[in-house]
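Structure for the following, please:
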Amino acid sequence: MNLKLNKPAVENATQSAVIHIGAGSIGLLVGQVSPETGVWEVVEVLSRPVPLAADIFEHGYIRPTTMDACTDALRTFLASISETVGEGALPGRVHATNILAEASNEDVFLNRVSITCGMEVATLDDGEMTRLVYFISQRLFETKVKLLGAQTAVCHVGPGNTRILYFEDGKIQSYFSYRLGGFRIAGALVSERGEHSKLELIDGTMRGTLESIVNDCGEGVQSFVALGVEIQLVASKIGEKKSGLMEIKTSQLGKFLKEIESNDLDELVRRFRMDYHSAEAL
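This next block holds a predicted model:
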């Protein structure tokens with residue numbers, strides 16, 4: 001699936017592109033900034049699903065077919081940049097998800113991508129991912145400080161890892177990272193069989209990590225903020241909007257999880273109008 005958003009170019013605007021190889025898709029974003037206002041606007045967005053995380057957490061390596069899909073997507077993106085905004089907008093490097101480090105053939109994949117696009121591939125490390133979550137948290141405190149308690153935990157569940165930043169009065173006090181993520185859990189459940197429900201299997205797989213999270217964060221947390229694509233999707237279905245934030249009660253979330261547990265991927269794709277890899281993460 002390709003998603004495309006075009007805006008008319010601003011005269012005398014400077015345009016630049018960013019390519020990101022993510023856990024479930026490859027994305028291209030072209031932006032432009034006006035010399036007069038200094039404000040960036042999105043000119044074009046392209047996205048194509050690629051099952052990198054599913055490969056890594058199920059097989060331990062990236063399959064040749066997935067590599068082909070990645071290089072095909074990159075060729076399409078580069079051609080699009082050249083045709084629509086000119087080669088001057090080409091990024092100097094391609095940014096890639098940090099879960100690539102867990103693939104046994106990471107070097108082969110990165111080399112093939114680099115040869116295909118003629119650019120360096122920079123893998124985001126854990127520190128860079130944490131900084132991104134921190135910057136998002138800071139913007140949240142700047143605009144929604146009155147809605148948050150003095151002690152706030154900000155949690156981001158990624159494809160392979162969960163990060164929690166603990167704040168007091170808007171200032172970071174501690175940071176925790178756990179090997180717990182949507183695709184990592186999915187990969188662990190591939191070989192599971194038996195009479196247990198999917199939710200029971202997930203609960204058993206992550207129970208130890210959840211206990212660590214409670215012990216690390218303590219019981220004084222007044223506000224728990226969740227970031228991420230999947231939780232945003234869920235919030236749009238069952239959450240209540242309050243001053244720009246979506247609030248979800250745990251009872252609502254539990255009911256929703258039981259409701260979608262019996263849905264297969266085809267049903268989730270139709271119901272939420274998403275691609276298969278996003279549905280798998282959900």
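
By mean pLDDT, flag the weakest helix or strand of the protein.
Lowest on mean pLDDT, DSSP states H and E among the helices and strands of the chain sits helix 276-281, with a mean of 74.

give me every residue that touches E102.
56-57, 60, 160 (Cβ atoms under 8 Å, 6 or more residues apart in numbering). Any C-beta I mention is one placed from the backbone N, CA and C, and that applies to glycine too.

how about 10 Å then?
With contact taken as Cβ atoms under 10 Å, 6 or more residues apart in numbering, E102 is in contact with 53, 56-57, 60-61, 160, 179, 184.

Tabulate the residues you listed (JSON lines), appending distance to A281, secondary structure and pLDDT.
Shown next, in JSON lines, are the contacts of E102 (distance: Cβ to Cβ, whole Å; DSSP: H, G, I helix; E, B strand; the rest coil; pLDDT from 0 to 100):
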{"residue": "A53", "distance to A281": "8", "secondary structure": "helix", "pLDDT": "91"}
{"residue": "I56", "distance to A281": "13", "secondary structure": "helix", "pLDDT": "94"}
{"residue": "F57", "distance to A281": "11", "secondary structure": "helix", "pLDDT": "92"}
{"residue": "G60", "distance to A281": "19", "secondary structure": "coil", "pLDDT": "94"}
{"residue": "Y61", "distance to A281": "20", "secondary structure": "coil", "pLDDT": "96"}
{"residue": "G160", "distance to A281": "11", "secondary structure": "coil", "pLDDT": "89"}
{"residue": "R179", "distance to A281": "16", "secondary structure": "coil", "pLDDT": "89"}
{"residue": "R184", "distance to A281": "11", "secondary structure": "helix", "pLDDT": "89"}
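
List buried residues within those.
53, 56-57, 61, 160, 184 (16 or more other Cβ atoms under 10 Å).

what's the distance between the nearest residue to G181 once chain neighbours are set aside and G182?
Closest residue to G181 apart from its sequence neighbours, by Cβ to Cβ, 6 or more residues apart in numbering: G160 at 4.2 Å. Separation of G160 from G182 (Cβ to Cβ, to the nearest Å): 8 Å.

can you check D125 too?
20 Å.

same check, this time on E120
For E120, the distance to G182 - Cβ to Cβ - is 28 Å.

which residues are common contacts for G160 and G182?
Common contacts of G160 and G182 (Cβ under 10 Å, 6+ apart): 23, 53, 57.

got TSV for the residues you listed, with distance to A17 too?
Output for the shared contacts of G160 and G182, formatted as TSV (distance: Cβ to Cβ, whole Å):
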residue	distance to A17
A23	21
A53	24
F57	29
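
which ones are touching G187?
Applying Cβ under 10 Å, 6+ apart, we find G187 in contact with 53-60, 159-160, 181.

Equivalent analysis for R131, please.
R131 touches 124-125, counting by Cβ under 10 Å, 6+ apart.

Quick check: which element contains it?
Using DSSP states H and E, R131 maps to helix 126-144.

Now do the buried residues in that helix.
Neighbour counts over helix 126-144 (16+ other Cβ under 10 Å) mark 129-130, 133, 137, 140-141 as buried.

now those residues in CSV, with pLDDT?
Listed next are the buried residues of helix 126-144 as CSV, based on pLDDT from 0 to 100:
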residue, pLDDT
M129, 86
T130, 88
V133, 90
S137, 88
L140, 83
F141, 82
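
With respect to K255, which of these is nearest?
Proximity of these to K255 (Cβ to Cβ) peaks at L140, which lies at 26.6 Å.

right, and the closest one touches L148 too?
Yes - between L140 and L148 a contact is recorded at 7.6 Å, counting by Cβ atoms under 10 Å.
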